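J.: kindly generate the corresponding structure for this input.
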Amino acid sequence: MGVSPGLVWHDYRSSLSIEMRTESTGRRRSDLPDFVQTDVNVGALAEAIFARYAGPQAIVIEGTPSQATFFNQEYCPDFRVMKLAGELALRVNQRAIAEAGRPDAIHPLRVTIREIMLAALLHDLGKQHEDCAPFIELLRQTDLRGDTGDGASRHADLLSIVRDVHCRKGPCMIDRLRDAGRAELNNPFIATVARRHGEDYAVNYSERQGCWWAREINVVTIADDFTDPEIEAVFKQMQALGVDKFCTNQTRVGMGPRMAPFAEKYRIKPAFHTHALVNDPNEVASPASLDRVLGMSALFMVNLDIGHFARGGNDPFAYMKAHHDRITHLHVRDQKKDGSAANIGDGDLQVADILKTIRDNRWPIACILEQGRTGFDSTVLATKANLDYMRRVLES
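T.: Numbers count the residues shown, from 1 in each chain. The predicted structure follows:
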């Protein structure tokens, strides 16, 4: 049996991280000695993680301390999902070490096994939100089987529930736990993976047996210092998880020629995130730089951050209309003409027109709310107000 190290969490907003033994400046923590775990007692680790989250838990709701129960000791399907995720992660690391040095070897994970397990445990947390009670009751009362007629309608109801619960309520519940002192929930991997879910369970499950929600892993920076094997490892791991597109964050123009062969080989679409540094030809910022990137591969797409793009002196609405077929995602925010932040709908970025145009043309563009807090007492209230505005626009 493998050993399970003591369950120690650190605040990821500090310079510390799990199992760091020495400080290191300018290095990824996954490059540190002994980071890769190949001898972990997944069962014991699962029990230790679950013990921290089962039963009544302290939470904070908009500044007010409260309590909630997310998982029961007696029955918890999420516990089994967590153990499976841990076993899969362990096998990836073990295979990576065994194949080290081979040209086609996979790379070990750059996150710890317990981080993967915690993300798996919390990925369905949104169903515990009080606003979800009517949807959960609907699930109990409705026969959801069937592909035509009433069955198809019920299936659509289920998808609405999944989208509402997973996309809106899960992050809120994670924030409530974090605000009550759960430092591990500041971890960027957990905050990303535990918040993202597949669009359609039936489609995702049938295409890739297993972790259907992992299709929504959505942000990876392929930095200038990536080696070709590291670039390929990103695409290989996404292929294994069934991911068919992803957003870059800080990936620059010069990396395009090196990424293109792997995008073509694995048929996965990188969507390049736009920034505002239009005077740097290596930044994905101007229409000219985007033309260069999109010309490198038919699989290269755009993740249009309308705020950054506008701050660079560009017109995001005009660009979207002209290049909608190459845009997979929008980072939706609003701002005044002077660049100062504004709540959605109060600025000058024509957000309502952008949303209506996507709706009316049925363009498959995902809109990601990325909005700073402006005039609200909490991020929860700010997010709710901005989402409510976007929903009113789309339903008008």
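J.: residue ranges for the strands of the stretch 1-150 of the chain, please.
T.: Listed in chain order, the strands of the stretch 1-150 of the chain (DSSP state E, counting those that start in this stretch) span 56-61, 64-69.
J.: what ranges in the stretch 51-200 of the chain fall below the confidence cut-off?
T.: 126-171, 188, 191-200 (pLDDT under 70).
J.: apply 80 and report the result again.
T.: Across the stretch 51-200 of the chain, the ranges flagged by pLDDT under 80 are 62, 73-75, 123-175, 186-200.
J.: helix or strand right after the helix or strand harbouring Ala318?
T.: Here Ala318, judged by DSSP states H and E, is contained in helix 316-323. On the C-terminal side of helix 316-323, the nearest following helix or strand under DSSP H and E is strand 327-332.
J.: how far does the top helix by length along the chain sit from its chain's centre?
T.: For the chain, the longest helix by residue count, based on DSSP state H, is helix 77-98. Relative to its chain's centre, helix 77-98 lies at 20 Å (CA atoms, centre = their mean, to the nearest Å).
J.: please apply the same query to stretch 324-341.
T.: Centre to centre, stretch against its chain (CA atoms, centre = their mean), the figure for stretch 324-341 is 19 Å.
J.: if I look at Leu109, how far off is Ala48?
T.: Distance, Leu109 to Ala48, by CB to CB, to the nearest Å: 19 Å. Glycine gets a C-beta too; all of them are placed from N, C-alpha and C.
J.: ok so, going back, quick one, which of the strands of the stretch 1-150 of the chain is nearest to Leu121?
T.: Closest to Leu121 of the strands of the stretch 1-150 of the chain is strand 56-61 (CB to CB; 12.5 Å).
J.: let me know which of the strands of the stretch 1-150 of the chain is tucked in deepest.
T.: Ranked by mean neighbour count, those are led by strand 56-61 with a mean of 16 (mean count of other CB atoms under 10 Å).
J.: helices along the stretch 251-396 of the chain, start to end?
T.: Remark: helices assigned in the stretch 251-396 of the chain by DSSP state H, counting those that start in this stretch are 256-266, 287-294, 306-311, 316-323, 351-361, 379-395.
J.: of Leu109 and Ala48, who's got more company?
T.: Set side by side, Leu109 and Ala48 show more neighbours around Leu109, with 20 against 16, by other CB atoms under 10 Å.
J.: is it true that that one touches Val36?
T.: Yes. In this structure, Leu109 is within contact of Val36 by CB atoms under 8 Å, at 7.3 Å.
J.: sorry, back to before: looking at the strands of the stretch 1-150 of the chain, which is nearest to Arg258?
T.: Nearest of the strands of the stretch 1-150 of the chain (CB to CB): strand 56-61, 44.8 Å.
J.: what does the closest one contact?
T.: Here strand 56-61 makes contact (CB atoms under 8 Å, 6 or more residues apart in numbering) with 65-70, 173, 176-177, 179-181, 380.
J.: quick one, helices of the stretch 1-150 of the chain?
T.: Taking DSSP H, counting those that start in this stretch as the test, the helices found in the stretch 1-150 of the chain are 42-53, 77-98, 113-122, 133-141, 149-164.
J.: list the buried residues for the first one?
T.: Residues of helix 42-53 classed as buried under the neighbour-count rule (16 or more other CB atoms under 10 Å) are 42, 45-46, 48-50, 53.
J.: which other helices and strands contact it?
T.: For helix 42-53, the packing partners by 3 or more CB pairs under 8 Å, 6 or more residues apart in numbering; DSSP states H and E come out as helix 77-98, helix 113-122.
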